[in-house]
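Student: structure here, sequence nowhere to be found:
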């Protein structure tokens, strides 16, 4: 498959595990430079090592995207590391512990909203400049 991603810088939120890791591997196979943005540093670093062994260049930014300022810092750090940002994959999200007590559901809903809705909007706005 040729997605015309050669040397494109692709920031992938939640890029260290699950669907995000699959996206990261896929864009790396297409010749892109993935920037793995994730709160799980060990998983992100493990994936980066895997990509390096396959000959791909990648970067890791460890941050909590539920914090507004961290979204802009991730974009700024991507540009600092690579000189540009060509594409954004808003993959980060949470859904763990939903269905427990009402208090847990309310707290989880706030966290889910912060990451899945609010942070996605911030990142997209920052990407558009």
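Tutor: Okay, I see it. Just so you know, these numbers come straight off a predicted model, no measurement behind them.

Student: find the residue closest to residue 56 in space, skipping its chain neighbours.
Tutor: residue 28 (4.0 Å; Cβ to Cβ, 6 or more residues apart in numbering). C-beta: built from backbone N, CA, C; applies to glycine.

Student: brain fart, residue 63
Tutor: That would be residue 70: by Cβ to Cβ, 6+ apart, it lies 4.4 Å from residue 63.

Student: sticking with the one you found, tell me its helix or strand.
Tutor: Element membership for residue 70, per DSSP states H and E: helix 68-82.

Student: now that helix: buried residues?
Tutor: 70-71, 73-75, 77-78, 82 (16 or more other Cβ atoms under 10 Å).

Student: most centrally placed residue in the protein?
Tutor: residue 13 (1.3 Å; Cα atoms, centre = their mean).

Student: mind checking pLDDT for that residue?
Tutor: Looking at residue 13, its pLDDT is 92.

Student: residue 83 now?
Tutor: At residue 83, the model reports a pLDDT of 96.

Student: residue 65: how many residues sit nearby?
Tutor: 25 (other Cβ atoms under 10 Å).

Student: wait, residue 26
Tutor: Around residue 26 there are 16 residues (other Cβ under 10 Å).

Student: over to the one 3 residues further on?
Tutor: Burial of residue 29, expressed as a neighbour count using other Cβ under 10 Å, amounts to 14.
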